[in-house]
Every structure is written in C-alpha cells, then in structure tokens.
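Student: For reference, the sequence and a predicted model appear below.
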Amino acid sequence: MTSPNATQAMRILVVEDNPKVALMIQVGLKGEKYEVDTVPDGKEGLRMAQAGNYDLLIVDVMLPGQSGLELTSSYRKGGGTTPILILTAKTATEDKVAGLDSGADDYLTKPFAFAELLARMRSLFRRGVLDKTTLLTFADLELDTVSHKAKRAGTPIDLTAKEYALLEFFLRNKGSVLSRSIISEHIWDYSFDTGTNLIDVYINHLRAKIESGFPGKLIHTVRGVGYVLRKE
C-alpha cells in the first residue's frame, strides 16, 4: 500500500542502534516513498535532527551517547518542532508518560509490526502534529509543548504528567469526539481496562484545573461515546 503522503517526499530521521530494526524501518519506509536517514547514536541523532529539515523523527529510547528521551528533551528545549515518535521496549505506563513528557508526540512499544508503525505515522499526520507549532491554544487556554506550561486567561495551571498528556491530546484533536479506547491507547496502553472509571477520574481532575473559576466549560461528555474539547 502506498503512503498517502508519498508525493510529498517527506523526510524522516530514524535514530536506532539496532541494525536489524533500523534496516527494517528504512527499507519499509523507502518502499512507501519516504526519504529516510538513519543514525545509531543519540548525540549524532540530535545533531542531525537540529541540522536537517525533517518531517518526522523516529527515536529509540535506549541509545549510545545519549538516550532517546534526552535527545527529545534537548531537541524541544532548543526550539525543535518536528513531531517525534518514540520507540520503547518498556511497557510500564510511567515509561510512556516519561516519553510524552520529554516532548515526544507518540510512542510505539517494541516489538512492533511495520504496519503498526505506518498506522502511528498516519495518526500523527491526521492529528495535525505537522503544523510544527509549539503553542497549542483553544479559546483562552494555552499549552506550551516545550516548557509544558499551561495557562487559562493568563492564569498558570499546574498539571501532573498524565493531566498534561491528556490536555495535549485534547488540544491536538479539538472538536473531535475521543472515545475512552482512543484516549487509553494514547495516554495509557493497549492493555488498559477501559471498563474502569480511571479515565473519567483523570478527566475530572483535568476539568477541575482548567474549568474551575473560569467562565465556560471546555471538555464535554458525549454520552455513550467519550469526550470532546469544544466551546459551549
């Protein structure tokens, strides 16, 4: 299947020290008509990311020289806006949240099928991450994805790691109804039990912080479906 972005000759940087994994990704993406560069070292990967005009960075967590999380954090602190997909062998929720908090836009757990990698990339493209903005806004709400600071009507809002990840996901999908399964996939993991009320609890915590004391609700419940970020 040919990538829907094939005619754009998108450039992708793969930072992966496992030669077999790097080759698999490179060959597969070139088959999808992407232009691909690979590098096995974190420090060299950061240098290339900062110097090159890439449309997407695919970064492994465990790298020589500099970890993928350090690479991502340094890249974001330097003003880099290219979307980043983290590859990790770690499945704990804390590790995935750490990846998102370092500045990554999504994560993929190893081992993975190449088709799943393409699906994640398409999801990033659909979510509009490629607008390269570091300031996400909706109404009087602002979220800086570099400093991870949130404000509403100029008032700072203190967020936990999961609350930040939730708010960023809502802002990148404003106006779209997000089911609990979609939220759990991006904020927790595939094995998360969506039958529990944990997602609702976290969303209620987020609502309290971004809505309490401010005029107008932002996160609305769509009964039987999920949640949506929209104006009243």
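Tutor: Yep, it's here.

Student: and residue 53, how many neighbours?
Tutor: Neighbour count of residue 53, defined by other CB atoms under 10 Å: 6. Backbone N, C-alpha and C define where each C-beta goes, glycine included.

Student: Where does pLDDT dip in the chain?
Tutor: Along the chain, segments meeting pLDDT under 70 span 1-9, 91-96, 126-133, 185-196.

Student: As a check, name the ranges of all helices in it.
Tutor: Per DSSP state H, the chain carries helices over the ranges 19-31, 42-51, 68-77, 93-101, 114-126, 161-172, 180-187, 198-211.

Student: Next, the angle from the third one to helix 42-51.
Tutor: So that's helix 68-77. Helix 68-77 runs at 30 degrees relative to helix 42-51, counting by axes from the mean of the first three to the mean of the last three CA atoms, to 10 degrees.

Student: Give me the domain ranges for this structure.
Tutor: Structural domains annotated on the chain: 6-131, 135-229, as defined by automatic domain parsing.

Student: Please identify the most buried of these.
Tutor: Mean neighbour count, computed with mean count of other CB atoms under 10 Å, is highest for domain 6-131 among those, reaching a mean of 18.

Student: and that domain, how far out from the chain's middle?
Tutor: With CA atoms, centre = their mean, to the nearest Å as the basis, domain 6-131 stands 10 Å off its chain's centre.

Student: what do you get for stretch 146-154?
Tutor: Stretch 146-154 sits 18 Å away from the centroid of its parent chain (CA atoms, centre = their mean).

Student: so how far does that stretch reach from one end to the other?
Tutor: Stretch 146-154 has its terminal residues 17 Å apart, counting by CA to CA, to the nearest Å.

Student: What of stretch 88-105?
Tutor: End-to-end distance for stretch 88-105, by CA to CA: 13 Å.

Student: Tabulate the helices of the chain (TSV), appending distance to residue 217.
Tutor: Compiled in TSV, those are given as follows (distance: least, CB to CB, whole Å):
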stretch	distance to residue 217
helix 19-31	42
helix 42-51	39
helix 68-77	30
helix 93-101	25
helix 114-126	26
helix 161-172	13
helix 180-187	18
helix 198-211	6
